[in-house]
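Novice: One predicted model, sequence on top.
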Amino acid sequence: QVQLVESGGGLVQAGGSLRLSCAVSGSIFSFDAMAWYRQAPGKERELVAVIRNGGNTDYADSLRGRFTISRDDVKKTVYLQMNSLKPEDTGVYYCNAAGARLAWWAPSKDYWGQGTQVTVSS
């Protein structure tokens, strides 16, 4: 059984910073990428940042330069450092493991965390 548990969300003033963590419990044999998504009230879920198996990263164009995704394979944790936060960054942030396999012969699937709320006040 694999679980993704996000933490680090909260209330912060505009211009502030937060670091989100996504701890992976259970054993994943391999995965294509780990990513952060967010969903603002009344909007669709959108990709924030992705770190691929090989370590390459990519970001939503509007967030490039303010957000940084990283991974600690020993701790099995993915981080999202968010700086210069704006009110429009408010939303629920979700961790995603894409194309994860529990064994070499197992089919791949995506796993999601339960989300952590980020609220940026103006």
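Specialist: Yes, it's here.
Novice: Please list all residues in contact with Ser108.
Specialist: Counting by Cβ atoms under 8 Å, 6 or more residues apart in numbering, Ser108 makes contact with 32, 99-101. (Each C-beta comes from the backbone N, C-alpha and C, glycine too.)
Novice: rerun at 10 Å
Specialist: 29-32, 97-102 (Cβ atoms under 10 Å, 6 or more residues apart in numbering).
Novice: now Tyr94
Specialist: Here Tyr94 is in contact with 4, 6, 20, 22, 35-39, 45, 48, 112-116 (Cβ under 10 Å, 6+ apart).
Novice: right, and the helix or strand after the helix or strand it falls within?
Specialist: Assigned by DSSP states H and E, Tyr94 belongs to strand 91-100. For strand 91-100, the following helix or strand on the C-terminal side (DSSP H and E) is strand 109-112.
Novice: Check which residues of the very next helix or strand once past that following strand are buried.
Specialist: Sequence-wise, the next helix or strand downstream of strand 109-112 (DSSP H and E) is strand 116-121. Neighbour-count burial for strand 116-121 flags 116, 118, 120 (criterion: 16 or more other Cβ atoms under 10 Å).
Novice: Can you give me the separation between the second one and Thr90?
Specialist: When distances are taken as Cβ to Cβ, to the nearest Å, Val118 and Thr90 turn out to be 6 Å apart.
Novice: Overlap of the contact sets of those two?
Specialist: Common neighbours of Val118 and Thr90 (Cβ under 10 Å, 6+ apart) are 11-12, 38, 40.
Novice: Buried by neighbour count, from these: which ones?
Specialist: 12, 38.
Novice: export the shared contacts of Val118 and Thr90 to TSV and tack on distance to Leu80?
Specialist: Shown next, in TSV, are the shared contacts of Val118 and Thr90 (distance: Cβ to Cβ, whole Å):
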residue	distance to Leu80
Leu11	17
Val12	14
Arg38	9
Ala40	16
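Novice: ok, now which ones touch the residue nearest to Gln114 when sequence neighbours are not counted?
Specialist: Distances taken as Cβ to Cβ, 6 or more residues apart in numbering put Glu6 closest to Gln114, at 6.8 Å, once the chain neighbours are dropped. Residues near Glu6 by Cβ under 10 Å, 6+ apart: 20-23, 36, 78, 80, 92-95, 112-117.
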